[in-house]
Structures are given as C-alpha cells and as structure tokens.
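Q: Need coordinates for the below:
(chains A and B)
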Amino acid sequence: EVQLVESGGGLVKPGGSLRVSCAASEFTFTNAWMSWVRQAPGKGLEWVGRIRTNTDGGTTDYAAPVKGRFTISRDDSKNTLYLQMNSLKTEDTGLYYCTTIPLRGMPLVVATTGVWGQGTLVTVSS
Amino acid sequence: DIVMTQSPGSLAVSLGERATINCKSSQSVLYSSNDKNYLAWYQHKPGQPPKLLIYWASTRVSGVPDRFSGSGSGTDFSLTISSLQAEDVAVYYCQQYYSTPPTFGQGTKLEIK
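A: Okay, here's the model as predicted:
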C-alpha cells in the first residue's frame, strides 16, 4: 500500500526554525510531484508548496504566506521529502501533511495521486 | 489566485437522503485544449487525513462508493451523495488545480439530521 509518513513536528518559538520530513513507501517516489498542505486549528486546508520530480526539473513553488521562509527539498535516494521552515510565525501553527494532490501539469497517475500522510503537528508559540 | 467558494458551510441531511455540496471558482477551471475541468473533491474525517474522492470534476477514485458523484463545468461544480450513510459524516473540500497555487474551498461540514 502506498504510504507517506511525516515526522519532525514539535513546539518552536516564534522566529525559530524546524525541519519536517516525509518518508514514502510502496510507490515510485522519484516519479511523484510532492506537496505540503497544512491545516491550522479549526481551519481549512491550505497548500504550502510543491516540488516537481528531478526529471521535471525539481522546481519548487510556494504559497505567498511562506515564500522566502520555507524550502521544500527531496532526496530520491531516501524516498524522503523535506520542509525546512525558518522565521516561523504563530500563524504557521498547524498540522502539516505531505501529499500527492493533483496539480496543474502533473502526470495524474491514478494509483499514486491524492495520497496523504497522517500529518505532523507544528506549534509555534512562546 | 483562484478563489473557491463552497456552499453551504454546513449541511444536515437525513440518512438515506440526498446531499449536495456546491463549489464555485472565481474563474473557469476548464482547460479548453483537453476539455477537462481541473477540480477535485475530498472527504476529511476527524483524526484522519483528507481522502481524494473525485478528480477531473467527475471521475470517481477507485474504491469510492458510487453514491458519490461529481458534476459541473467551468466555474460551477457539485458533489452529490445520493443516499447518505452514517460514515459519510465529514467535512468536504473542493480543490482547483487549474493554476498555481492550487486552492481549496473553505469546506462544508456534513452531518446527520
């Protein structure tokens, strides 16, 4: 079964940094465009950013609220996705999901599109 | 950015009855070159990750019960549950993937009446 498992969440002070990870198994991670999506407490879903496959250039895009502060990277040799979060703000608090949601231009492979991890909780508070 | 607006914000339907959730995009998500609507629907239950139900506005994901159906084109879309079951209680989201950033509706909370 295709699986994504996030880790690395925790409590961090405003202005601090944190890196969360997402380990993929049972699918060809190398071929997957990966996204991070977050959900603030009591709120809806918000796309954070995306990284394309290295074959497609490995390029990244970010939502406006996190651009310049967050960086997405991938290590295909480890089947792992990363989200480096710097200059964290209280409004960054939430559950962070690793996912393969449909995206414009992404090859939509039925078996591996729309997969979500369980999420990792990031709390930014003094 | 494309703004996705769902209605209603919450909905209470009796077991066995039809439930319809609407989603409107601020601009068309229909790509004329392939005649596809870049619209997906998700079901989100407490304590679980969201689950993809439908993509291309009307293509049901394998394993999703056929009581779930998606319809619409351009800017107006609907998710219909033909006969509500207890396990369908959840928050439902639409998402456009026509342009970057992909954006979600604010969610519709579906409950049993």
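
Q: List the buried residues for stretch B:73-86?
A: By neighbour count with 16 or more other CB atoms under 10 Å in any protein chain shown, stretch B:73-86 contains the buried residues B:Thr75, B:Phe77, B:Ser78, B:Leu79, B:Ile81, B:Leu84. All C-beta spots, glycine's among them, are computed from the backbone N, C-alpha and C.

Q: next one: stretch B:45-52
A: Neighbour-count burial for stretch B:45-52, counted by 16+ other CB under 10 Å, picks out B:Pro49, B:Pro50, B:Lys51, B:Leu52.

Q: Could you do stretch B:64-75 as well?
A: Residues of stretch B:64-75 classed as buried: B:Val64, B:Phe68, B:Ser69, B:Gly70, B:Gly72, B:Thr75 (neighbour count, 16+ other CB under 10 Å).

Q: ok, now how distant is A:Lys67 from A:Ser87?
A: Using CB to CB, to the nearest Å, one gets 11 Å for the distance from A:Lys67 to A:Ser87.

Q: Next: A:Gly117.
A: Taking CB to CB as the measure, A:Gly117 falls 24 Å from A:Ser87.

Q: So these two - more neighbours on which side?
A: Neighbour tally, A:Gly117 and A:Ser87, criterion other CB atoms under 10 Å in any protein chain shown: the higher count belongs to A:Gly117, 21 against 13.

Q: Tell me if I'm right that A:Pro102 and A:Thr112 touch.
A: No: counting by CB atoms under 8 Å, A:Pro102 stays clear of A:Thr112, with 11.1 Å between them.

Q: between these two, who's got more neighbours?
A: A:Pro102 (21 against 18).

Q: quick one on the thing from earlier: nearest to A:Lys78 among the buried residues of stretch B:73-86?
A: B:Leu79 (37.2 Å; CB to CB).

Q: strand partners of the helix or strand harbouring that closest one, parallel vs antiparallel please.
A: Assessed by DSSP states H and E, B:Leu79 sits inside strand B:76-81. In the sheet, strand B:76-81 lines up against strand B:19-25 (antiparallel), strand B:68-73 (antiparallel) (DSSP bridges).

Q: Could you spell out the sheet neighbours of the following helix or strand past the first one, each with its direction?
A: The element immediately downstream of strand B:19-25 (helix or strand, assigned by DSSP H and E) is strand B:30-31. Here the strand partners of strand B:30-31, with direction, are listed using DSSP bridges: strand B:36-37 (antiparallel).

Q: Distance from the strand it pairs with to the middle of the chain?
A: 14 Å (CA atoms, centre = their mean, to the nearest Å).

Q: Next: stretch B:66-73.
A: The answer for stretch B:66-73 is 8 Å, by CA atoms, centre = their mean.

Q: cool, stretch A:31-50 as well?
A: 6 Å.

Q: Likewise for stretch B:65-84?
A: For stretch B:65-84, the distance to the chain centre is 7 Å (CA atoms, centre = their mean).

Q: Just want the residue of chain A that's nearest chain B.
A: Chain B sits closest to A:Gly114 of chain A, with a gap of 2.8 Å, by CB to the nearest CB.
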